[in-house]
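S.K.: what would the 3D arrangement of this be:
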Amino acid sequence: MKWLCRAMELLIGAVFIYAGVLKALDPVGFANDIENYHILSWPIGVRLAFYLPWLEIACGLALLLGRARDAALAILAALTSVFIVASAVAKARGIDVSCGCFGHAARNLSFAWHLAIDAALLVAMLFLFVRRRAHL
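M.R.: Okay, here's the model as predicted:
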């Protein structure tokens, strides 16, 4: 079971590093993606677009390197939860959003697929977090 948890950490870390790098390479495009949700003002969205990718990369690296795993899992789970709620609110308001989390390849995925991927990541992170806390 320990190797499975480590494999999950490596996979989640790699996913967030990949997503963070894509967003860090195009912060203005990411700011536009944030703006499409119509939840935050443009200045706040721009600040987040320059900050969040690096937070995702740092947390992903922490998982890959096995350092500060609990903190990394907690931060990434919180970010994923906020994203799921923001996506659901935007969808309920009739706003068609493309998250831009995984570059242009993911733009072809449906809303349901985006939610399924995010929910799977969130469940995996919560499982790992609870499991790690139970063993401490």
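S.K.: ok, and the closest non-adjacent residue to the residue nearest the centre of the chain?
M.R.: By C-alpha atoms, centre = their mean, the chain has its centre lying nearest to T80, at 4.7 Å. Of all residues not flanking T80 in the chain, L122 sits nearest, at 4.7 Å (C-beta to C-beta, 6 or more residues apart in numbering). C-beta coordinates here come from the backbone N, C-alpha and C atoms, glycine included.
S.K.: could you check how far that neighbour is from V21?
M.R.: Distance, L122 to V21, by C-beta to C-beta, to the nearest Å: 21 Å.
S.K.: higher neighbour count, the two?
M.R.: Just comparing L122 and V21: by other C-beta atoms under 10 Å the higher neighbour count belongs to L122, 18 against 15.
S.K.: give the contact list for the closest residue in space to G45 that isn't next to it in sequence.
M.R.: The spatial neighbour of G45 that comes closest, neighbours along the chain excluded (C-beta to C-beta, 6+ apart), is I34 at 3.9 Å. I34 makes contacts with 40, 45, 48-49, as judged by C-beta atoms under 8 Å, 6 or more residues apart in numbering.
S.K.: distance of I34 relative to V28?
M.R.: 11 Å.
S.K.: same question for L40.
M.R.: 15 Å.
S.K.: and for A86?
M.R.: Look at A86 and V28: by C-beta to C-beta, they are 19 Å apart.
S.K.: between these two, tell me which one has more neighbours.
M.R.: The neighbour comparison of A86 against V28 (other C-beta under 10 Å) goes to A86, with 16 against 10.
S.K.: now the more buried one: how far from A92?
M.R.: A86 is 11 Å from A92, where distance means C-beta to C-beta.
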